[in-house]
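Engineer: predicted structure and sequence below. I'll ask about it afterward.
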Amino acid sequence: MIKIQNLTKRYQKLTAVDNLNLEIAKNEVFGLLGPNGAGKTTVIHMLATLLKPTSGTAIVNGYDIISDPSKVRSSIGIVFQAPSSDDMLTGYENLRVHTSLYQVPSSQRKKRIQAVLELVGLADRQHDQVKKYSGGMRRRLEIARGLLHKPKVMFLDEPTLGLDPSSREMMWKYIEKLVKEEEMTLILTTHYMEEADHLCNRIGIIDQGKIIALDTPANLKRSIGGDIVKIKTKSHTDLEELRKLVYVRKIESVDGNVILYVDNARANIADILQHVKAEYVEFRSPDLNDVFLKLASKNIKEDGEGGFMERYAQYGK
């Protein structure tokens, strides 16, 4: 559905997107993640024909973003972070205006409005002014608006930003529903790692305009190298014994704690505690935050200070 070929965007001395190559399949939910300033928004703006690349190109739904921008725009829907619906109009009236802007045939407008309202769960509130909507309802209305012309590709920029946990989970259900029922490809950016883990078929992590990791959420988490065991101990004299254990892949010392990466921590935790005098112990499976931290450590070594870790701290955990 999307094929990105050597896509590059430069601003004088700054390279925002650096020779990017990527393919995204039909009906895939693809997460584009990275710290602030990594190039996510620039990529989306180029794919949506809102920004011209310095070099390279991309094919969206069979159309080139440079030579066929109008056909690309007719193939996509986009929902930005900032809401743009008119507060004084009702939900229905907002959508009615946009059916004209999207050139939905007049004979199909009412039917299409009702269809998207049902899809996002707003049919019973369609005649209320938008100013009376909750934050989650406003986000759903923005998504409904982007669906009016039946796009093949949808870009969602931070779809649950600012929502409470209950509203966020409800939004996840609507996103899963629209991908299934509308049969579309969805490109998602998010600050919430659990959201990307829950929704995305694949994740691309971008930094300094380059994809530095690309895989399924499960494979990215497996790349950490086993479950994570955190042990607080006053004595590190037993570390050499721990290194000999066949199920221990790696040992680190972080902030006075011993961090072990082990196979099947639940089965092996009792044996581990036989080899170390622990004041405190916890274990868990790795998550996408751990993937980010691993990449941060690697990037600092390669790029020096002010690299991925600094931007990751701003990006949010």
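Structural biologist: Alright, I've got the coordinates. Numbers count the residues shown, from 1 in each chain.
Engineer: measure H275 to K131 for me?
Structural biologist: H275 is 62 Å from K131, where distance means C-beta to C-beta, to the nearest Å. C-beta coordinates here come from the backbone N, C-alpha and C atoms, glycine included.
Engineer: mind checking which of the two has more residues around it?
Structural biologist: Between H275 and K131, H275 has the larger neighbour count (other C-beta atoms under 10 Å), namely 16 against 12.
Engineer: surely that one meets L245?
Structural biologist: Yes - shown here, H275 and L245 form a contact pair, counting by C-beta atoms under 8 Å, at 7.2 Å.
Engineer: helices of the protein, start to end?
Structural biologist: 40-47, 69-75, 91-101, 109-119, 135-147, 165-182, 193-199, 217-222, 239-243, 265-273, 288-303, 308-315 (DSSP state H).
Engineer: give me the below-cutoff pLDDT ranges for the stretch 51-200 of the chain.
Structural biologist: Within the stretch 51-200 of the chain, no stretch has pLDDT under 70.
Engineer: coming back round to it: redo the helices of the chain as JSON lines? Include mean neighbour count.
Structural biologist: Output for the helices of the chain, formatted as JSON lines (neighbours: other C-beta atoms under 10 Å):
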{"stretch": "helix 40-47", "mean neighbour count": "23"}
{"stretch": "helix 69-75", "mean neighbour count": "17"}
{"stretch": "helix 91-101", "mean neighbour count": "18"}
{"stretch": "helix 109-119", "mean neighbour count": "17"}
{"stretch": "helix 135-147", "mean neighbour count": "23"}
{"stretch": "helix 165-182", "mean neighbour count": "16"}
{"stretch": "helix 193-199", "mean neighbour count": "20"}
{"stretch": "helix 217-222", "mean neighbour count": "16"}
{"stretch": "helix 239-243", "mean neighbour count": "13"}
{"stretch": "helix 265-273", "mean neighbour count": "15"}
{"stretch": "helix 288-303", "mean neighbour count": "17"}
{"stretch": "helix 308-315", "mean neighbour count": "17"}
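Engineer: which one of the ones you listed lies closest to K26?
Structural biologist: helix 165-182 (11.0 Å; C-beta to C-beta).
Engineer: list every C-alpha atom in the closest one, with coordinates, as CSV.
Structural biologist: Extracted as CSV, the C-alpha positions of helix 165-182 are listed here (Å, rounded to 0.1, in the frame of the first residue of the first chain):
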residue,chain,number,x,y,z
PRO,A,165,-7.0,5.3,30.5
SER,A,166,-10.6,4.3,30.1
SER,A,167,-11.1,6.6,27.1
ARG,A,168,-7.8,5.4,25.6
GLU,A,169,-8.9,1.8,25.7
MET,A,170,-12.2,2.6,24.2
MET,A,171,-10.4,4.5,21.4
TRP,A,172,-8.2,1.4,20.8
LYS,A,173,-11.4,-0.6,20.2
TYR,A,174,-12.7,1.9,17.7
ILE,A,175,-9.3,1.9,15.9
GLU,A,176,-9.3,-1.9,15.6
LYS,A,177,-12.9,-1.8,14.4
LEU,A,178,-12.2,0.7,11.6
VAL,A,179,-9.2,-1.2,10.3
LYS,A,180,-11.3,-4.3,10.1
GLU,A,181,-14.5,-2.8,8.7
GLU,A,182,-13.0,-0.2,6.5
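Engineer: just give me how far it sits from the chain centre.
Structural biologist: Helix 165-182 sits 14 Å away from the centroid of its parent chain (C-alpha atoms, centre = their mean, to the nearest Å).
Engineer: anything in contact with each of H275 and L245?
Structural biologist: Shared contacts of H275 and L245 (C-beta atoms under 8 Å, 6 or more residues apart in numbering): none.
Engineer: verify the stated contact: N6 with T54.
Structural biologist: No - between N6 and T54 there is no contact under C-beta under 8 Å: 10.4 Å.
Engineer: okay if I get the helices of the chain as TSV plus distance to N61?
Structural biologist: Shown next, in TSV, are those (distance: least, C-beta to C-beta, whole Å):
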stretch	distance to N61
helix 40-47	11
helix 69-75	4
helix 91-101	20
helix 109-119	19
helix 135-147	15
helix 165-182	14
helix 193-199	21
helix 217-222	25
helix 239-243	53
helix 265-273	45
helix 288-303	29
helix 308-315	30
